[in-house]
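Undergrad: just coords:
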């Protein structure tokens, strides 16, 4: 009986694992097939390096690639210290009672719809950026979008970081405590190096969320289709580009180009994941 | 008692989840002696050790009343008072746990860890202190050629002696040992017993032990933990 059960369980779990792997492969295949008219014609690579100007028959998305790269990278730059600081606070630097409150708040934040962040961005952040930096124009720029985005991805990163912190063997913590480590030393010498794999995973998940998010950039990055020259420039991400273009005519060439755009996003995301894994290594320094 | 006293516990009451573990305990521990604490499991023997280095404080729902005095440099110090910081206390009162707990690093880095915490950076001093402590723990000959290998490559008994050596690096005056041989075979355990007897010269030792034969072999005094209090035997 138990053997049958085990066998069935194994098959069921294998099927669900296979299904999710298949889903990822199918999405890739779908993008490949629909983007084929462009890819097959050898135009794909020229799309990556050309500007977007449908009026002149140019459907390149170099501006969107740089926009996505700039906004998502910058949002991680802002989110990383914020998330790591929060987790360190919860992981022993702060009082237990407040830490539990913070933990609950962070979990609550993951459930806030992105449109709320976008909304807050428009009404609170964008005016501030506009007032502080005169060269930011309307205030809808890379800086505004990545600041808001950092707030969106932080809870995700914090949850993964915290999992990493919680997975540290309690015996190591006890050993460090008994040897006279204060809470900061315990964090730096024992917890952070041991939690490193969780930190790397958290960065990957945060980066994935930042790259994949559409609404925040769409609402507050300004959506200009040029390669941004500074973080105060308006920019358009690949995701907001897809959202904007898919609202247009189905038969247009512009519409066909967004499959290639999706494919680029897919590949870019995969590269980012590989890069973080490579840079992160298996374990931390020390 | 002929020997001078090193630790005095006064009116100690300890409760966990509002259930008392000990009530109104008064005890004195002799200097340069091995005091064994025995008694049935789950009565708080390990908890009692953590009262002496304040390690229990990281546990939620635990509460303590009373005073613990330790004689340091000729002066009685209230370890829960403001004069002594927790890290300083734990360097003076070392602890060795039931299962060896080397950190996930090399033997050398494990030994250097307490020194790193105090900010000692003089390399020759570090080397000197590490080799002295490893010798005191009867481990030097076994590890001197593999100091940069992972500490997890050592046998259980060697790991436990490494943990003792690591505690000795800070030159503690008191060493707390929580059933230090219970995870080891008889051979490894007897090496540690010999070691503990030798360490009396340097430290005051308090050993929690299940084994009555071990207690009779090494202990100068034995305390049996009864419900909510101690009884000297």
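TA: That came through, no problem. Remember, it's a predicted structure, so these values are computed and weren't measured experimentally. Numbers count the residues shown, from 1 in each chain, chains lettered A, B, ... in the order given.

Undergrad: could you report the neighbour count for the nearest residue to residue B:97 once chain neighbours are set aside?
TA: Among residues not flanking residue B:97 along the chain, residue B:178 sits closest, at 5.4 Å (Cβ to Cβ, 6 or more residues apart in numbering or on different chains). All C-beta atoms are positioned from the backbone trio N, CA, C, and that covers glycine. Neighbours of residue B:178 under the rule other Cβ atoms under 10 Å in any protein chain shown: 21.

Undergrad: now do the strands in chain B.
TA: Using DSSP state E, the strands of chain B run over B:5-16, B:19-30, B:34-38, B:62-72, B:75-78, B:93-96, B:174-178, B:204-208, B:221-226, B:229-232.

Undergrad: just name the most buried of those.
TA: strand B:93-96 (a mean of 27; mean count of other Cβ atoms under 10 Å in any protein chain shown).

Undergrad: show me which residues of the stretch 1-150 of chain A are close to chain B?
TA: By the rule Cβ under 8 Å from any Cβ of the partner chain, the part of the stretch 1-150 of chain A lying against chain B is residue A:96.

Undergrad: cutoff 10 Å now
TA: A:92, A:96-97 (Cβ under 10 Å from any Cβ of the partner chain).

Undergrad: just those residues now: which is nearest chain B?
TA: Nearest to chain B, judged by Cβ to the nearest Cβ, of the residues of the stretch 1-150 of chain A next to chain B is residue A:96 at 6.6 Å.

Undergrad: what comes up buried for stretch A:238-252?
TA: Using 16 or more other Cβ atoms under 10 Å in any protein chain shown as the test for burial, stretch A:238-252 gives A:238-245.

Undergrad: which ones among the residues you listed lie within helices?
TA: A:238-245 (DSSP state H).

Undergrad: right, and residue B:61 touches residue B:15 too?
TA: Yes. With contacts counted by Cβ atoms under 10 Å, residue B:61 reaches residue B:15, the gap being 8.8 Å.

Undergrad: report pLDDT for residue A:1.
TA: pLDDT, residue A:1: 65.

Undergrad: listing partners with orientation, what would you give for the worst-scoring helix or strand of chain B on mean pLDDT?
TA: In chain B, the helix or strand scored least confidently by mean pLDDT, DSSP states H and E is strand B:229-232, which has a mean of 71. Its sheet considered, strand B:229-232 pairs with strand B:221-226 (antiparallel) by DSSP bridges.

Undergrad: tilt between the partner strand and strand B:19-30?
TA: Counting by axes from the mean of the first three to the mean of the last three Cα atoms, to 10 degrees, strand B:221-226 lies at 170 degrees to strand B:19-30.

Undergrad: and the angle from strand B:221-226 to strand B:34-38?
TA: 20 degrees.

Undergrad: which outside residues touch strand B:221-226?
TA: B:1, B:3, B:21-22, B:25, B:27-30, B:33-40, B:43-45, B:47-48, B:206-209, B:212, B:215-216, B:230-233 (Cβ atoms under 10 Å, 6 or more residues apart in numbering or on different chains).

Undergrad: tell me, what residue is most central in chain B?
TA: What sits nearest the mean C-alpha location of chain B, by Cα atoms, centre = their mean, is residue B:176, with 1.9 Å.

Undergrad: on the pLDDT front, check that residue for me.
TA: Residue B:176 is assigned 95 on the pLDDT scale.

Undergrad: partner residues bridging it?
TA: Bridge pairing for residue B:176 - DSSP bridges - gives residue B:95, residue B:206.

Undergrad: that one: what's it in contact with?
TA: Applying Cβ under 10 Å, 6+ apart to residue B:176 gives the contacts A:178, B:37, B:46, B:48-53, B:55, B:93-97, B:167, B:203-208.

Undergrad: again, only this time at 8 Å
TA: Contact partners of residue B:176, counting by Cβ atoms under 8 Å, 6 or more residues apart in numbering or on different chains, are B:49, B:52-53, B:93-96, B:205-206.

Undergrad: about what we covered before: got the contact list for the least confident helix or strand of chain B?
TA: Strand B:229-232 is contacted by residues B:22-25, B:27, B:37, B:221-225 when judged by Cβ under 8 Å, 6+ apart.

Undergrad: burial check on residue B:199, number of neighbours?
TA: For residue B:199, the count of nearby residues is 20 (other Cβ under 10 Å).

Undergrad: same question for residue A:161.
TA: Neighbour tally, residue A:161, other Cβ under 10 Å: 29.

Undergrad: does it really touch residue A:82, like I thought?
TA: No. Using Cβ atoms under 8 Å, residue A:161 is not in contact with residue A:82, being 10.9 Å away.

Undergrad: give me the common contacts of the two.
TA: With Cβ under 8 Å, 6+ apart, residue A:161 and residue A:82 have no common neighbours.

Undergrad: sorry, back to before: can you check which of the strands of chain B gets nearest to residue A:30?
TA: In terms of Cβ to Cβ, the element of the strands of chain B nearest to residue A:30 is strand B:62-72, at 57.7 Å.

Undergrad: show me what that closest one is packed up against.
TA: Using 3 or more Cβ pairs under 8 Å, 6 or more residues apart in numbering or on different chains; DSSP states H and E, the elements in contact with strand B:62-72 are strand B:5-16, helix B:45-53, strand B:75-78.

Undergrad: list the neighbouring strands of that strand plus their orientation.
TA: strand B:5-16 (antiparallel), strand B:75-78 (antiparallel).

Undergrad: what does chain B put close to chain A?
TA: Applying Cβ under 8 Å from any Cβ, we find that chain B lies next to chain A at B:53, B:55, B:58, B:60, B:86-91, B:94-95, B:97, B:99, B:101-105, B:113-114, B:116-118, B:163, B:166-167, B:170.

Undergrad: mind listing what's buried along the lowest-mean-pLDDT helix or strand in chain A?
TA: Lowest mean confidence among the helices and strands of chain A (mean pLDDT, DSSP H and E): helix A:36-40, at a mean of 72. Under the neighbour-count criterion of 16+ other Cβ under 10 Å, helix A:36-40 has A:38-39 buried.

Undergrad: now find how far off-centre it is within its chain.
TA: 28 Å (Cα atoms, centre = their mean, to the nearest Å).

Undergrad: helices and strands around it, which ones?
TA: Using 3+ Cβ pairs under 8 Å, 6+ apart, the elements in contact with helix A:36-40 are helix A:253-280.

Undergrad: for residue B:228, give me the pLDDT.
TA: Reported pLDDT for residue B:228: 69.

Undergrad: likewise for residue A:42?
TA: If you check residue A:42, the pLDDT there is 69.

Undergrad: I'd say residue B:10 and residue B:65 touch.
TA: No. Contact criterion Cβ under 8 Å: residue B:10 and residue B:65 do not qualify, at 10.2 Å.

Undergrad: quick one: mean pLDDT for stretch B:210-219?
TA: pLDDT averaged over stretch B:210-219 gives 88.

Undergrad: what's the answer for stretch B:9-22, then?
TA: pLDDT averaged over stretch B:9-22 gives 89.

Undergrad: now do it: everything it contacts.
TA: Under the contact criterion Cβ under 8 Å, 6+ apart, stretch B:9-22 has outside partners B:23-29, B:43-44, B:47-48, B:51, B:56, B:59, B:61-69, B:228-230.
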